[in-house]
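> need a structure here:
(one chain, ligands or ions: 1)
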Amino acid sequence: MNIGFIGLGIMGKPMCKNLLKAGHRCTVYDIMDAAMDEAAAAGAIKSKSAAEAAGGKELVITMLPNSPHVRQVVMGENGIMNYMGEGCIFVDMSSIAPLVSKEIGAVLADKNIEMLDAPVSGGEPKAIDGTLSIMVGGKKEIYDKVKDVFLCMGSSAVYCGEIGAGNTTKLANQIVVALNIAACAEAFTLSKKAGVEPDLVFAALRGGLAGSVVMDAKVPMMLQGNDKPGFKIDLHIKDLNNALETGHGVGMGLPLTAHVLEMMQQLAGDGLGGKDHSVLVKYYEKMTGESLKL
Ligand code: NAD
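Numbers count the residues shown, from 1 in each chain. Presented below is the predicted three-dimensional model:
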């Protein structure tokens, strides 16, 4: 397929490389030239603007930080909505506010451009392996057309409902991940403070009911003092803010999410916004004076 791919960060770059590996032709754009060079070395065609990357393509994919970035690339000055031809399918794989997916979908529908919102879960390792979990919103018949492309980047692509449903599902994912990391940080700091080594607690817990993919991925980072992102605190703050806004919009409070959001906000205030979200453990380190680092 002839694909335009915009946004080649931690996630976009390996996802694009997997499309190339599967034989798709990808024209790429990112505001960071170096990111495009790496994709070009893997066979992508560089372009000078998002408009150039999107023009005349059958499918255009964006993988950008948040709602304002997607809105700007699609509908801002020189926005790609004016360059994607009729019949082109636009797939936003960024994690953004579901209401913004709906808003962009409605604007594109007026131009006969179909849109899916298809955020992902799994982080950089699964983006590299092509084993992401992809959650999709939009028309079912459009999902059916794009499913094989999704499966070049992920091991599952689940249809969740109308446009916005992908991002609503992703917010649920981000709540579970944030609360799980916070629970690990709190529990493992307690064990250290009470005199049991956290690596032994990890070995004991991981095979039982408390074990999780999140625990397996993030507790080793806490024990090694490895804060290289992965998934940045700043991006998780964005997701939890989107979750609160969505919850409030449907008349639901999210007390646990709000609490962990405030912990992350404090870490960002301490200058850790660009670090991996496993630095939630530093919140407890500051509170107790105990470090989990072995
Ligand atoms: P990132 O910050 O590493 O990458 C974003 C890329 O977009 C950067 O290369 C940036 O230069 C580019 N960009 C920004 N504005 C642009 C514009 N106007 N035009 C073109 N390029 C532009 O972020 P990431 O970690 O790759 O995350 C991307 C999305 O995926 C986010 O919504 C994030 O929440 C989501 N996500 C990330 C992870 C993860 O583990 N990193 C996991 C799942 C989902």
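
> Could you use CA atoms for every contact and neighbour count after this?
Will do.

> Can you pull the residues of the chain lying near the ligand?
Within the chain, the positions near the ligand by Cα under 6 Å from any ligand atom are 6-12, 29-32, 63-66, 69, 73, 94-95, 120-124, 230-231, 235.

> how does it look with 5 Å?
Residues of the chain found near the ligand (Cα under 5 Å from any ligand atom) are 7-11, 30-32, 64-65, 94-95, 121, 123, 230-231.

> Which residues does the strand or helix carrying Cys26 contact?
Per DSSP states H and E, Cys26 falls inside strand 25-29. Contacts to strand 25-29, defined as Cα atoms under 8 Å, 6 or more residues apart in numbering, come from residues 1-8, 16, 19-20, 36, 39, 44-50, 53-54.

> Those residues in helices, which ones?
16, 19-20, 36, 39, 50, 53-54 (DSSP state H).

> Kindly reformat those as TSV and extend each row with pLDDT and neighbour count.
Converted to TSV, those look like this (pLDDT from 0 to 100; neighbours: other Cα atoms under 10 Å):
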residue	pLDDT	neighbour count
Cys16	98	33
Leu19	98	22
Leu20	98	19
Met36	97	24
Ala39	97	23
Ala50	98	25
Ala53	98	26
Ala54	98	32
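
> Tell me the one among these nearest to Tyr159.
Tyr159 lies nearest to Leu19 out of the ones in helices among the contacts of strand 25-29, by Cα to Cα, at 20.2 Å.

> Next one: the closest residue to that closest one other than its chain neighbours from Gly23, what distance?
Counting by Cα to Cα, 6 or more residues apart in numbering, Cys152 is the residue found nearest to Leu19 once chain neighbours are left out, at 5.9 Å. Distance of Cys152 to Gly23, computed by Cα to Cα, to the nearest Å: 10 Å.

> neighbour-wise, which of those two wins?
Ranked by neighbour count (other Cα atoms under 10 Å), Cys152 and Gly23 place Cys152 first, with 23 against 13.

> Surely the more buried one is in contact with Asn18?
Yes - if you go by Cα atoms under 8 Å, Cys152 and Asn18 touch, sitting 6.2 Å apart.

> which residues do the two both contact?
With Cα under 8 Å, 6+ apart, Cys152 and Asn18 have common neighbours Gly130.

> Using the record's domain definitions, break the chain down for me.
2-162, 169-288 (automatic domain parsing).

> Contacts only, for Phe150.
Contacts of Phe150 by Cα under 8 Å, 6+ apart are 134, 156-157.

> Next one: Pro255 from the ligand, what distance?
21 Å (Cα to the nearest ligand atom, to the nearest Å).

> Kindly apply the preceding question to Ala182 instead.
According to Cα to the nearest ligand atom, Ala182 stands 17 Å off from the ligand.

> coming back round to it: most tightly packed of the domains of the chain?
domain 2-162 (a mean of 20; mean count of other Cα atoms under 10 Å).

> Let's see the distance spanning that domain from one end to the other.
End-to-end for domain 2-162, by Cα to Cα: 25 Å.

> With stretch 44-63 instead?
Stretch 44-63: ends 16 Å apart by Cα to Cα.

> on contacts alone, who are the packing partners of the top strand by length along the chain?
Scanning the chain for the longest strand, with DSSP state E as the assignment, gives strand 154-161. Contacting strand 154-161 under the criterion 3 or more Cα pairs under 8 Å, 6 or more residues apart in numbering; DSSP states H and E are the following elements: strand 132-137, helix 140-153, helix 165-193.

> same thing but 6 Å
Using 3 or more Cα pairs under 6 Å, 6 or more residues apart in numbering; DSSP states H and E, the elements in contact with strand 154-161 are strand 132-137.

> Would you pull up how far the strand it packs on lies from the middle of the chain?
10 Å (Cα atoms, centre = their mean, to the nearest Å).

> Looking at this structure, which residue reaches furthest from the middle?
Gly195 (36.7 Å; Cα atoms, centre = their mean).
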